[in-house]
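In: Below are the sequence and a predicted model for it; my questions follow.
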2 protein chains.
Amino acid sequence: MSGHVPTVPAPDPLREPDLLAADPEGIVEVGRLVGELTSEAAKALRRRSGPLPPLTPLELAHVVDAQLPEGPLPADGGGREAVLALARTYASHTVDLADPRAAAHLQPPALGVATATDVLASAFNASVDTWDSGPVAVELESRLVRALTALAGYGPGADGVLTPGGTASNLQALLIARDTALRAQRDVRSAGLTGMATQPVLYCSELAHFSVARACSVLGLGEEAVRPVPADAHRRMTAEALEKALEARAGNELPIAVVATAGTTDYGSVDPLPELAATAHRHGARLHVDAAYGGGALFSDRLRPLLDGIEHADSLTIDLHKTAWQPAAASVLLVRDRADLTTSTGLRVAYLNPDDDGAAGYDGLLGHSLATTRRADALKVVATFLALGRRGVGRMLETCHDLALFAAERITAHPRLELVADPVLTTVVFRYVPAGGSPDPERADAVNGALRRRLLLQGRALIGRTDDLAGDEATGRVRLKLTLLNPRATRDDIQELLTAVEVAGRAVETEELP
Amino acid sequence: MSGHVPTVPAPDPLREPDLLAADPEGIVEVGRLVGELTSEAAKALRRRSGPLPPLTPLELAHVVDAQLPEGPLPADGGGREAVLALARTYASHTVDLADPRAAAHLQPPALGVATATDVLASAFNASVDTWDSGPVAVELESRLVRALTALAGYGPGADGVLTPGGTASNLQALLIARDTALRAQRDVRSAGLTGMATQPVLYCSELAHFSVARACSVLGLGEEAVRPVPADAHRRMTAEALEKALEARAGNELPIAVVATAGTTDYGSVDPLPELAATAHRHGARLHVDAAYGGGALFSDRLRPLLDGIEHADSLTIDLHKTAWQPAAASVLLVRDRADLTTSTGLRVAYLNPDDDGAAGYDGLLGHSLATTRRADALKVVATFLALGRRGVGRMLETCHDLALFAAERITAHPRLELVADPVLTTVVFRYVPAGGSPDPERADAVNGALRRRLLLQGRALIGRTDDLAGDEATGRVRLKLTLLNPRATRDDIQELLTAVEVAGRAVETEELP
């Protein structure tokens, strides 16, 4: 039925000189395409009404399905138009972290300069495992981690490595602790944990991140190896409480590590580092400091004192994709003694870093890391600090800290909101108090959970939630949380968020939970 | 001494509306800055003489130091100019994988479309761990992994997860194998490996990737848990050899997994999957297939038969940052039974995915992964396939396979080069034969190692090297390797690479090793 229209064969995209990002024509085309994608994204952002799309999860699933009529792996491609359409859908429906009403997670709005520079990491696709896979990337990462060790107060023998996240940094730190202990008993390479005479255990605050327990599970120590130490009224693990826990251990238990937290996920509280270091070391355990969140205080002259004593840590996690406003991933594991870093990962492989190449200076970072191929994440970080300076990044944290203090003040003054703890970094934990003061803790929990989902569904305010371990029978456990990481947010934005919480709480009480 | 010139205070970059990538002004500025960065990079690329900078590692270190006079974390920032200068240095000194003479590692030149689209992953900084950290990213990843399971021949009960690399995918697969075995004995959560009555062991080809042994070390099984099975003349682990190894095990040894390789790093050889699956399952062990390299054959109608039987694997590693030309990282772990995926990582956390939110449909991918924060790596992958189609990506692999066959033919015909094995995917292993046929294997090794470093130093040809496990006393062990992943390379480029090898070999023989 169709006419006989002669068709010109479409040009083969695989023959085009701009197919590959690292060709001169290719990199120019990347610039051009990013220009189009960002222009489409800007239009989509201007049409948005809030930090989340006002859709249920099921409605969103339908939107994505409609975008992918042949699924995500169609047999034949649709070229640039298909990509632009995907970009529009993505920008319209992702979480908009730059919206000042996005305040849920330790996930910052990314800096433009980091985002833009990271394009070169993708385009050239260097890998830091071997010198000849990314020579300049290897040099940048080495310098970045050494500069960070200096900021942490470590000496010249320190070293570090970038990892995909705080969870991975903590895993590697505890792997080092495990293998240091194993090595003290016998050759780690000759057998697994099944031959150990003693039971390795480690200690951390009950408020430590769940990645500590997960690491123990992965490492074959079992989650039971983690001994959670009760936190004090300031949500910190004191040296006294740690000492008590250590003394209560069984005779066959070997304390391999203490994990201190510098910035608990919910409260931002910082364990007393110098005292914990002394206690850990007195018991022959390594001190690892999980500063995934609080590590950004290294960049701020004003907040740096929160980290006093961090130089006593044997190892240290800092997430630059949290309080240095990097796009994920940019976590760092630092170690005070560089020999420790290669305890578990030092490795020479014939096809990547043979001895004679190493002797000739051609050496990458394979032996530093649990990964093999590893992206040049240092590039975006270095670009950020070259552009804004350490103090510039530090001021962003100070601004968010100020906003948290303001929010706490407004919550305290609010008749229907109750502050749970004074802010230390940039989080504020609180709860909505149901009408009548919530004699029913289960109903209080249900109201707080439901009001947050109501805000999610409306898409106009995105706040966090958590459980309060110290929550008592009278008030329930579910708490609301502001994680303030937008340095361009204002006091008015904070006020708007709190008002939205109150309005949603009242609506939930009257409509959904009559 | 200076004059009294009144200075206008510099605008505060933290107050600029384009600071954050996800603001409408910010995303436009990202587009503009990427335009400048890619334009600078194009200029730098046009000035380059080869895939590596013609510098020693020490000389390169000096170049980077000169670029960072105050180190990578200066107190105060230098703004956009500092970033552009860094970009110039980076583009001039990174490895240029789009240069057809770059043929060293399983690290492809990245596709422009993936590179460009990934900017939105950075700009919006979504994380797939929780729904409200990245709703559309969660949906895209879910659809991508399900489409990949279908290509692999899995049924509707399959699932998967993106990881930072093949090493991480293999680790998670073996964690699942370990915990499945542990769970059969007792509750995995109640204690670590130290209580196991039996010794877990696993089997893989002697040519399997080192990440298998590393995973066993991390998981507390010890590297001795790995039982390397000798490869046959085609560099494959046969079912017969596996059976023999399994039967030789001690009575207290429990085979928890067999790892088959679909595309060995050096030879591209693919273990016979259906036979190995039958043998593994008969012995009660899981079959994991490491198709980090060979997985790209899923996209090619012509090469897909290499992976016949892959649907019998219990789990499966595919690196899309290898044979789908993605910038790192984009690895995938697929599992045939979705319940297995959460054996070790299923987790609910009050602040990320509380039960009542999950029940309301607000659920992310935390429980699928060993990571917490996790970048929206699916976006660039989906954009690539929407643009080029599955067949387009498959044709890139076919083109590189053709180049490998051509290279093997030329090497066979060359009087001073010797082919080690017939290519299966896109690698070609060979050696340079020193004058007189190398009666001295140590000298032959030294010559081959030195000629590669000579090429590195000249910067005009980047080839790989490895050891040949089957290398005998007469020829030494060091081998040269072409890893051909540039679909725009031509036969002339291959010829030029081989000529460069010969010339460097002769020069090394006469100059450096007289």
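Out: Now that the structure is in, tell me what you want to look at. These figures come from a predicted structure and were not determined experimentally.
In: Now for the residue of chain A found nearest chain B, how many residues are close by?
Out: Closest approach of chain A to chain B (Cβ to the nearest Cβ) occurs at residue A:220, with a separation of 2.3 Å. In short, each C-beta sits where N, CA and C put it, glycine included. The tally of other residues near residue A:220 (other Cβ atoms under 10 Å in any protein chain shown) stands at 28.
In: Give me the secondary structure label for it.
Out: Three-state call for residue A:220 (DSSP: H, G, I helix; E, B strand; the rest coil): coil.
In: ok, residue A:278 to residue A:310 distance?
Out: 14 Å (Cβ to Cβ, to the nearest Å).
In: Looking at these two, which is more packed in?
Out: Per other Cβ under 10 Å, whichever of residue A:278 and residue A:310 has more neighbours is residue A:310, with 28 against 16.
In: wait, doesn't that one sit right on residue A:273?
Out: Yes - using Cβ atoms under 8 Å, residue A:310 is in contact with residue A:273, at 5.5 Å.
In: what ranges do the strands span in the stretch 201-350 of chain A?
Out: Ranges of strands in the stretch 201-350 of chain A, per DSSP state E, counting those that start in this stretch, are A:226-229, A:253-261, A:286-291, A:315-319, A:331-335.
In: list residues touching both of residue A:310 and residue A:273?
Out: Residues touching both residue A:310 and residue A:273 (Cβ atoms under 8 Å, 6 or more residues apart in numbering or on different chains): A:262, A:289.
In: before we move on, back to that, any chance of the strands of the stretch 201-350 of chain A in CSV, with mean pLDDT, mean neighbour count and distance to chain B too?
Out: Converted to CSV, these look like this (pLDDT from 0 to 100; neighbours: other Cβ atoms under 10 Å in any protein chain shown; distance: least, Cβ to the nearest Cβ, whole Å):
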stretch, mean pLDDT, mean neighbour count, distance to chain B
strand A:226-229, 97, 20, 11
strand A:253-261, 96, 26, 11
strand A:286-291, 98, 29, 12
strand A:315-319, 98, 30, 8
strand A:331-335, 98, 28, 8
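In: Figure out which of those strands is closest to residue A:127.
Out: strand A:331-335 (17.3 Å; Cβ to Cβ).
In: The closest one: partners in the sheet, and parallel or antiparallel?
Out: strand A:159-163 (antiparallel), strand A:315-319 (antiparallel) (DSSP bridges).
In: about what we covered before: got the strands of the stretch 201-350 of chain A as JSON lines, with distance to residue A:108 columns?
Out: Below are the strands of the stretch 201-350 of chain A laid out as JSON lines (distance: least, Cβ to Cβ, whole Å):
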{"stretch": "strand A:226-229", "distance to residue A:108": "28"}
{"stretch": "strand A:253-261", "distance to residue A:108": "19"}
{"stretch": "strand A:286-291", "distance to residue A:108": "16"}
{"stretch": "strand A:315-319", "distance to residue A:108": "10"}
{"stretch": "strand A:331-335", "distance to residue A:108": "13"}
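In: for chain A, which spans come out with low pLDDT?
Out: A:1-10, A:186-197, A:438, A:472, A:512-514 (pLDDT under 70).
In: Residue ranges of each domain in it, please.
Out: Chain A breaks down into these domains under automatic domain parsing: A:126-374, A:389-512.
In: Out of those domains, which is the most enclosed?
Out: Mean neighbour count (mean count of other Cβ atoms under 10 Å in any protein chain shown) peaks for domain A:126-374 among those, with a mean of 22.
In: My read is that the residue of chain A closest to chain B contacts residue B:221, right?
Out: Yes - here residue A:220 reaches residue B:221: they are 6.9 Å apart, a contact under Cβ under 8 Å.
In: so, in contact with chain B or not, stretch A:446-457?
Out: Yes - shown here: stretch A:446-457 in contact with chain B (Cβ under 8 Å from any Cβ of the partner chain) through A:446, A:449, A:453, A:456.
In: now do stretch A:262-276
Out: Yes - on the criterion Cβ under 8 Å from any Cβ, stretch A:262-276 is in touch with chain B at A:265, A:266.
In: Minimum distance to residue B:464: which of the strands of the stretch 201-350 of chain A has it?
Out: That would be, of the strands of the stretch 201-350 of chain A and by Cβ to Cβ, strand A:331-335, which comes in at 28.9 Å.
In: starting at the chain centroid, how far to the closest one?
Out: 13 Å (Cα atoms, centre = their mean, to the nearest Å).
In: and the longest helix for chain A?
Out: When chain A is parsed with DSSP state H, its longest helix is helix A:378-413.
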